[in-house]
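**Student:** Provide a 3D model corresponding to the input given below.
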Amino acid sequence: MEKYDRTEDICTHLGDDYDRYNGAIVIPLFQNTLFTRKTKDHGYTYTRVKNPTIEIAEQKIAALEGGEAALCFSSGMAAISAAVMHCIGKDGHIVCVKSAYPGTRGLLNDYLPKFGVTVTYVSGDDTEQFAQAIRPDTRLIYLESPSSLVFRLQDLAAVAALAKAHGIATVIDNTWSTPLFQNPLKFGIDIVVHSASKYLGGHSDILGGVIVGKTDTIEQIARKERLMFGAVMDPHQAWLLIRSLRTLPVRMERHQANALKVAAFLENHPQVSAVLYPGLLSHPQYELGRRQMTGYSGLMSFIPKCTPERALEMIRNLKMFEIGPSWGGFESLLSCIPVNGEWTDFTGLPQGTALVRISVGLENVDSLIDDLDAGLSRLAQ
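**Tutor:** Numbering: from 1, shown residues only. You can find the predicted model right below:
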């Protein structure tokens, strides 16, 4: 396979092997389940095991992350579940960041306890919290940096060193940063997971997940968790993912540029009390972010000076933003979470706070800011 080292070249050409596919500039879609081999053993048998289209997507993402190998799954949760279950055994213990993706917390809280698995949650912004939470039966430290909704960071190098000293595996959800802006494997993290439905896909038309790590780890997960559970990515989804990766560097540049402007605008608006975004100098972990990230994506949260009810009314009246639960696509999205009950512990924010999550898309940034300004200004009326 031709070697490519630069990000744009990896996204554009790595693994495409034009000679193998009769010079086709867009690689073929192998939308088949079975590979026969009457006269030649070409290494393929069944798409649940291996498929040429899926392999190319895996090769590109592994190279982008600086990993040895990658596996594509049918969803982000499938990838997360496979990574966690690979690392944890019966009656094992997990240390997890408190503000991890709610789907991950559901797996840890509602499903794994039937196998005797227990979990301890920490905010994660101080490595000593991980050290104090470790027990003799701890098998996994699960990270998400920046973490969901509140965008707290963990010191990846310090946590990785702590885990290795205790023989504990580490997994991180790197969906927010993408492989372009953060490479956790370089800091000693064992396994990286992504929801490919977000920035890697980027067009809100892909459902998928990815795991990246060392070859032996990936091969074990391929033979066990992915093969047994059958949560392999569909070849057509992989083909769309390859299409999306070709524009990933360009899209992330625009997401970052737009988001930095939107975050600065929100931070200076009189109707906003706080903006949670690692790209702002005011973020309490800004310097840590500069050490382990090379850029910032388009997802942030802000706290308007109003009740959750008024915040929801405000975002419903915006013109440029849709309301939706996902993020990382071309479109700008908003959602509002009233902080109460378990959300108080999850976010660490006061009861009754209106937390607005905003996914900044690829539209004209002035149009986005004008729309937000109009909505926020009505709160003062």
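
**Student:** any weak-confidence spans in this protein?
**Tutor:** Along the chain, the model assigns pLDDT under 70 to residues 1-2.

**Student:** where along it do the strands fall?
**Tutor:** According to DSSP state E, the chain carries its strands in the segments 69-73, 93-97, 118-122, 138-144, 169-173, 191-195, 209-213, 272-276, 299-304, 322-323, 333-338, 354-359.

**Student:** Take those and write them to JSON lines, including mean neighbour count and distance to T12.
**Tutor:** (Each C-beta comes from the backbone N, C-alpha and C, glycine too.) Formatted as JSON lines, those follow (neighbours: other Cβ atoms under 10 Å; distance: least, Cβ to Cβ, whole Å):
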{"stretch": "strand 69-73", "mean neighbour count": "26", "distance to T12": "18"}
{"stretch": "strand 93-97", "mean neighbour count": "25", "distance to T12": "34"}
{"stretch": "strand 118-122", "mean neighbour count": "18", "distance to T12": "40"}
{"stretch": "strand 138-144", "mean neighbour count": "25", "distance to T12": "29"}
{"stretch": "strand 169-173", "mean neighbour count": "26", "distance to T12": "26"}
{"stretch": "strand 191-195", "mean neighbour count": "29", "distance to T12": "19"}
{"stretch": "strand 209-213", "mean neighbour count": "28", "distance to T12": "19"}
{"stretch": "strand 272-276", "mean neighbour count": "19", "distance to T12": "34"}
{"stretch": "strand 299-304", "mean neighbour count": "23", "distance to T12": "25"}
{"stretch": "strand 322-323", "mean neighbour count": "13", "distance to T12": "30"}
{"stretch": "strand 333-338", "mean neighbour count": "20", "distance to T12": "28"}
{"stretch": "strand 354-359", "mean neighbour count": "23", "distance to T12": "26"}
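
**Student:** In JSON lines: those, plus distance to R291.
**Tutor:** Formatted as JSON lines, the strands of the chain follow (distance: least, Cβ to Cβ, whole Å):
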{"stretch": "strand 69-73", "distance to R291": "25"}
{"stretch": "strand 93-97", "distance to R291": "18"}
{"stretch": "strand 118-122", "distance to R291": "20"}
{"stretch": "strand 138-144", "distance to R291": "15"}
{"stretch": "strand 169-173", "distance to R291": "15"}
{"stretch": "strand 191-195", "distance to R291": "18"}
{"stretch": "strand 209-213", "distance to R291": "21"}
{"stretch": "strand 272-276", "distance to R291": "19"}
{"stretch": "strand 299-304", "distance to R291": "20"}
{"stretch": "strand 322-323", "distance to R291": "35"}
{"stretch": "strand 333-338", "distance to R291": "30"}
{"stretch": "strand 354-359", "distance to R291": "25"}
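
**Student:** Show me the one of these that comes nearest D234.
**Tutor:** strand 69-73 (9.4 Å; Cβ to Cβ).

**Student:** elements contacting that closest one?
**Tutor:** helix 52-65, helix 76-87, strand 209-213, helix 215-221, helix 235-245 (3 or more Cβ pairs under 8 Å, 6 or more residues apart in numbering; DSSP states H and E).

**Student:** at 10 Å what do you get?
**Tutor:** Counting contacts by 3 or more Cβ pairs under 10 Å, 6 or more residues apart in numbering; DSSP states H and E, strand 69-73 packs against helix 52-65, helix 76-87, strand 191-195, strand 209-213, helix 215-221, helix 235-245.
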